[in-house]
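In: Next one to model:
(one chain, ligands or ions: 1)
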Amino acid sequence: MKKNKTFLKRVSALSGAAAILLSVCLTGCAQQPAPEPSAEAAQPPLLTNETSVVSDAVPEYVFTYAENQTEDYPTTQGAYRFAQLVNERTQGRIQIRVYANAELGDEQSTIEQLRFGGIDFVRCSLSTMSPYSGMANVLMLPYLYRDADHMWAVLEGEIGQKVADSFVDAGIVPLCWYDAGVRNFYFKSPVSSIEDMKGLVIRVQPNEMMEDMVRLLGADAIPVNYEDVYSAIQQGSADGAENNWSSYDAMQHDKVAPYYLLDEHMRVPELQMVSAVTWNLLSEEDRKIIQECSSASAEYERMLWTAREEEARARVLSQGCTELTLSGEEKKKFHDAMEPLYLKYCENYMDIVEQIREMGAE
Ligand code: GCU
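Out: Numbering: from 1, shown residues only. Sure thing, here's the model as predicted:
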């Protein structure tokens with residue numbers, strides 16, 4: 001206990017300086033226009049831990065990076081790109097080893113390990129970050145964003161910065177946002193109205209707001225870690241789940257829940273972060289390098305994301321998945337049913353919600 005208290009004091013002492021540095025980084029990202037996907041850039045060579053080591057020098061630091069997606073998934077490729085750039089810029093002094101496929105544990109446990117320095121870097125869904133800041137849920141409220149551009153304007157502006165900074169007191173130093181597209185529900189049997197949701201059991205990420213969202217639609221929620229969703233559906237503890245096209249395809253959920261409903265309820269961005277313990281070890285110069293490489297890796301991830309989402313959709317549709325849509329009237333019902341989440345989870349941040357909405361109306 002005593003140790004934790006000392007640690008937290010150290011983290012708070014760091015907060016001010018870190019916040020200034022973060023402002024530089026995330027504002028820096030804001031000035032970069034989103035990369036246009038091009039046919040050539042859509043298929044760059046697959047990066048690995050081997051391609052991340054570009055110098056023969058004996059490293060001064062070897063850091064760990066936890067990622068729960070597959071090797072070729074855009075966020076993992078972004079991680080390898082980050083590791084490669086850092087190794088290059090530090091002439092091999094810093095090596096980052098990426099552990100994909102949740103090899104270091106599920107998202108919740110890797111964040112806990114990161115907070116106490118057991119893992120140096122983690123990329124995870126904002127949804128899993130809700131225990132560490134009341135503001136996390138604000139950026140993933142259902143039907144908050146008009147489209148992807150609206151979300152990126154928010155993430156790359158002052159609001160995105162403020163939410164990112166809000167994790168610092170928990171020992172989490174955010175580096176950049178990654179894309180995760182839009183989330184949709186999918187099921188074992190066809191669903192095309194709110195009425196059809198009644199009585200179904202839907203897997204959600206471990207986040208109370210996600211559980212409530214599903215209940216508001218008349219279904220039951222079951223929180224399950226990402227790695228276990230396939231078997232939860234296959235074995236019948238869930239009738240469906242919700243995620244973006246890329247994850248649905250990467251985890252082969254289409255094989256057990258082939259009906260994908262385009263309700264587009266949420267955009268939940270990803271966060272790349274570093275442990276405050278690790279951050280404290282680094283010189284100002286190394287921190288700057290890490291921040292710049294992180295921003296560059298975010299651009300890379302976003303470029304890959306766009307291509308991957310389309311590819312994933314095409315692949316599952318060609319393999320038997322059925323894409324379902326909601327009528328305008330039904331979509332409104334989904335939207336209205338979820339409205340109570342705004343006040344229940346974000347009452348203290350309604351000013352931010354309003355600003356986000358205004359940005360969407362522009
Ligand atoms: C997305 C995200 C994962 C997360 C998953 C989930 O796929 O990229 O990091 O674990 O959602 O639904 O749990």
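
In: Strands of the stretch 151-300 of the chain, residue ranges please.
Out: With DSSP state E, counting those that start in this stretch as the criterion, the stretch 151-300 of the chain has strands at 172-178, 183-187, 201-204, 220-223, 240-243, 259-266, 270-275.

In: so how many other residues sit close to Glu329?
Out: By other C-beta atoms under 10 Å, 9 other residues sit near Glu329. Where you see a C-beta, it was placed from the backbone N, CA and C, and this is true even at glycine.

In: Pull the distance from the host helix or strand of it to the chain's centre.
Out: Assigned by DSSP states H and E, Glu329 belongs to helix 328-338. Remark: helix 328-338 is offset 25 Å from the chain centroid, using C-alpha atoms, centre = their mean, to the nearest Å.

In: Hey, what's the angle from that helix to strand 183-187? Just curious.
Out: Between helix 328-338 and strand 183-187, the angle comes out at 100 degrees (axes from the mean of the first three to the mean of the last three C-alpha atoms, to 10 degrees).

In: How about helix 328-338, which residues are buried there?
Out: The neighbour-count check on helix 328-338 (16 or more other C-beta atoms under 10 Å) flags Glu330, Lys331, Lys333, Phe334, Ala337, Met338 as buried.

In: now stretch 129-138
Out: Of the residues in stretch 129-138, Met129, Ser130, Tyr132, Ser133, Met135, Ala136, Asn137, Val138 count as buried by neighbour count, 16+ other C-beta under 10 Å.

In: Endpoints of that stretch, how far apart?
Out: Terminal residues of stretch 129-138 lie 12 Å apart, using C-alpha to C-alpha, to the nearest Å.

In: Need the residues that contact that stretch.
Out: 111, 126-127, 162-163, 166-167, 170, 172, 207-209, 271, 345-346, 348-349, 352-353, 356 (C-beta atoms under 8 Å, 6 or more residues apart in numbering).

In: coming back round to it: what is the nearest of the buried residues of stretch 129-138 to the ligand?
Out: Within the buried residues of stretch 129-138, the smallest distance to the ligand is 10.9 Å, found for Met129 (C-beta to the nearest ligand atom).

In: any idea how far Met129 is from the residue nearest to the spatial centre of the chain?
Out: The residue lying closest to the centre of the chain (C-alpha atoms, centre = their mean) is Glu270, at 1.9 Å. Glu270 sits 10 Å away from Met129 when distances are taken as C-beta to C-beta, to the nearest Å.

In: Asp336 now?
Out: When distance is defined by C-beta to C-beta, Asp336 is 27 Å away from Met129.

In: What parts of the chain come near the ligand?
Out: Residues of the chain lying close to the ligand (C-beta under 6 Å from any ligand atom) are Asn68, Gln69, Thr75, Glu107, Cys124, Ser125, Ala180, Gln205, Tyr226, Asn243, Ser247, Glu270.

In: Now the last one: closest residue in space, sequence neighbours ignored.
Out: The spatially closest residue to Glu270, leaving aside those adjacent along the chain, is Tyr178, at 3.9 Å (C-beta to C-beta, 6 or more residues apart in numbering).

In: And for that neighbour, the neighbour number?
Out: By other C-beta under 10 Å, neighbour count at Tyr178 equals 25.

In: State the pLDDT value of it.
Out: On pLDDT, Tyr178 comes in at 98.

In: does it really touch Arg302, like I thought?
Out: Yes: contact criterion C-beta atoms under 8 Å: Tyr178 and Arg302 qualify, at 7.4 Å.

In: To what extent is the residue of the stretch 1-150 of the chain found nearest the ligand buried, counted in neighbours?
Out: Nearest to the ligand, among the residues of the stretch 1-150 of the chain, is Ser125, at 4.1 Å (C-beta to the nearest ligand atom). Around Ser125 there are 22 other residues, counting by other C-beta under 10 Å.

In: re the thing from before, in PyMOL, select just the buried ones from the contacts of stretch 129-138.
Out: To isolate the buried ones among those in PyMOL, judged by 16+ other C-beta under 10 Å, type:
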select buried, resi 111+126+127+162+163+166+167+170+172+207+209+271+345+346+349+352+353+356
